[in-house]
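Enquirer: 3D model of this:
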Amino acid sequence: MSFETTALRQQDVAPRGKLTLAQTVGFVSVTLFISTEVAAASAASIWGLSGLLHLQAVGEIILSAIIGVPALYAMVRCGQLAFATETDPENN
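Expert: As a prediction, the model looks like this:
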């Protein structure tokens with residue numbers, strides 16, 4: 001009985017393939033596209049809020065840190081999700 005369960009477990013696990021050029025191009029292109037959009041939106045919001053609130057240099061730096069850190073996290077997370085999606089054997 002244990003032989004059957006071991007054989008079933010090995011069949012359920014999909015083999016992880018090698019990273020191909022098409023997967024790499026897809027991962028990089030999705031990451032760059034989304035990261036560019038996030039960077040443009042965060043830069044526009046920093047510019048707009050600093051102009052609206054008449055912030056000086058220190059205020060702009062603080063606002064940049066407040067908006068930039070979550071934007072950077074979103075870019076990194078998008079890269080992680082794109083890599084996981086492109087290397088998933090069920091998508092190929």
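Enquirer: for stretch 55-62, what is the average pLDDT?
Expert: Averaging pLDDT along stretch 55-62 yields 96.
Enquirer: Going by neighbour count, list what's buried in it.
Expert: Residues of stretch 55-62 classed as buried: Glu60 (neighbour count, 16 or more other CB atoms under 10 Å). C-beta coordinates here come from the backbone N, C-alpha and C atoms, glycine included.
Enquirer: swap in stretch 36-46?
Expert: Within stretch 36-46, the residues scored as buried using 16+ other CB under 10 Å are Val38, Ser42, Ile46.
Enquirer: Alpha carbons only: can I get that stretch in PDB?
Expert: Extracted C-alpha coordinates of stretch 36-46, given in PDB (Å, rounded to 0.1, in the frame of the first residue of the first chain):
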ATOM      1  CA  THR A  36       7.200  51.500 -15.400                       C
ATOM      2  CA  GLU A  37       3.500  52.100 -14.800                       C
ATOM      3  CA  VAL A  38       4.000  52.000 -11.000                       C
ATOM      4  CA  ALA A  39       7.000  54.400 -11.200                       C
ATOM      5  CA  ALA A  40       5.200  56.800 -13.400                       C
ATOM      6  CA  ALA A  41       2.100  56.900 -11.100                       C
ATOM      7  CA  SER A  42       4.200  57.300  -8.000                       C
ATOM      8  CA  ALA A  43       6.300  60.100  -9.600                       C
ATOM      9  CA  ALA A  44       3.200  61.900 -10.800                       C
ATOM     10  CA  SER A  45       1.600  61.600  -7.400                       C
ATOM     11  CA  ILE A  46       4.700  62.900  -5.600                       C
END
